[in-house]
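[1] missing the sequence, but the structure's below:
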């Protein structure tokens, strides 16, 4: 079986509730969460870019924090102005491209995530709008996430459609590995059905962080991860690169599951895991090369 390049990581890295489950509670003045994270994973999905237009100085600062990791990549979530509000102009396009170009120049750019909401169904007008967004960012690797099953089995030639795992509610898109441009981009949102229903009912409301995050509170079981591993490996011979992004971020569950899935995808080869997460998630101990805190 062919083994593609595998990039496993999480959606975001700056979460206070990851202490002490991942990040150590005792930190020096210059301690960098991103630097610590990059010691264990080869990719991170930038989540903050969905909420705000990030300054180029911050992007350059990120590059400094991960410079010791030669293969580390950033994927970047497109701002909600493009996907949810559908209101943007030349300034917004330029702001996004400036940061993507910085990452491309540094050879740290994995791709642009274009994530649409569940309400974005397969219609002629929505297809036209999607084509418009894709055209705006022509020349950049693009990963498109849609959540409504009306899009299932639709083909795209110039972008990679995301594979997503999410609660199966109503007309939700189901988990089925998708290939585009010899690449797969797989995202995991958890399977918290009740919280997901609540989030759909309150979609347009201005919610605080805790309420927004509740639907992602889910720790995949070892059995679920084994099934996921088997499904992903079914496409190994057809792709050159696979991104696996865990978005069940509350409390560090995404990190625990990322380690577990990485271990499975690497044919159960022991991996580097920090003592912090072994304390919080003891079931990871059998797959760990235990090391001292950095």
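    It's in. The structure displayed is predicted, hence computed values, not measured ones.

[2] now do the lengthiest helix in the chain, average pLDDT.
    Identified as the longest helix of the chain according to DSSP state H is helix 90-105. Mean pLDDT, helix 90-105: 98.

[3] how close does residue 268 sit to residue 240?
    Counting by CB to CB, to the nearest Å, the gap from residue 268 to residue 240 is 23 Å. C-beta coordinates here come from the backbone N, C-alpha and C atoms, glycine included.

[4] ugh, wrong one, residue 225
    Using CB to CB, we find residue 225 at a distance of 24 Å from residue 240.

[5] could you do residue 46 as well?
    Applying CB to CB, the value for residue 46 to residue 240 is 23 Å.

[6] now residue 220
    26 Å.

[7] cool, and residue 38?
    Separation of residue 38 from residue 240 (CB to CB): 23 Å.

[8] and residue 5, by the same measure?
    7 Å.

[9] kindly report the same for residue 85.
    For residue 85, the distance to residue 240 - CB to CB - is 35 Å.

[10] out of residue 225 and residue 240, which sits in the busier spot?
    For residue 225 versus residue 240, the count of surrounding residues by other CB atoms under 10 Å is larger for residue 225: 17 against 11.

[11] may I see the buried residues of stretch 10-21?
    If you call a residue buried by 16 or more other CB atoms under 10 Å, then stretch 10-21 has these buried ones: 10, 11, 12, 13, 15, 18, 21.

[12] and for the second one, nearest residue in space, chain neighbours not counted?
    Among residues not flanking residue 11 along the chain, residue 247 sits closest, at 4.1 Å (CB to CB, 6 or more residues apart in numbering).

[13] the fifth one now?
    Nearest non-adjacent residue to residue 15, counting by CB to CB, 6+ apart: residue 249, 5.8 Å away.

[14] which sections of this structure are below the confidence cut-off?
    Judged by pLDDT under 70, the chain has its weakly predicted residues at 1, 153-158, 170-174, 199-211, 290-294.

[15] what segments of it are strands?
    Remark: strands assigned in the chain by DSSP state E are 5-11, 43-46, 73-77, 109-115, 142-145, 160-161, 163-165, 183-188, 241-246, 271-273, 288-290.

[16] list the neighbouring strands of the first one plus their orientation.
    Strands adjacent to strand 5-11 in the sheet, as given by DSSP bridges, are strand 43-46 (parallel), strand 241-246 (parallel).

[17] count residues in the vicinity of residue 4, would you?
    When neighbours are counted by other CB under 10 Å, residue 4 comes out with 18.

[18] mind checking how far it is from residue 58?
    According to CB to CB, residue 4 and residue 58 sit 31 Å apart.

[19] for residue 139, same thing?
    Distance from residue 139 to residue 58, by CB to CB: 23 Å.

[20] when these two are compared, which one has more neighbours?
    Taking neighbours as other CB under 10 Å, residue 139 and residue 58 compare with residue 58 leading, 12 against 9.

[21] what lies in contact with stretch 69-77?
    If you take CB atoms under 8 Å, 6 or more residues apart in numbering as the criterion, stretch 69-77 is touched by 7, 11, 38-39, 41-47, 49-50, 62, 66, 96, 99-100, 103, 108-113, 115, 143, 185, 243, 245.

[22] ok, now with 6 Å
    With contact meaning CB atoms under 6 Å, 6 or more residues apart in numbering, stretch 69-77 is reached by 38, 42-43, 45-47, 49-50, 66, 103, 108, 110-113.
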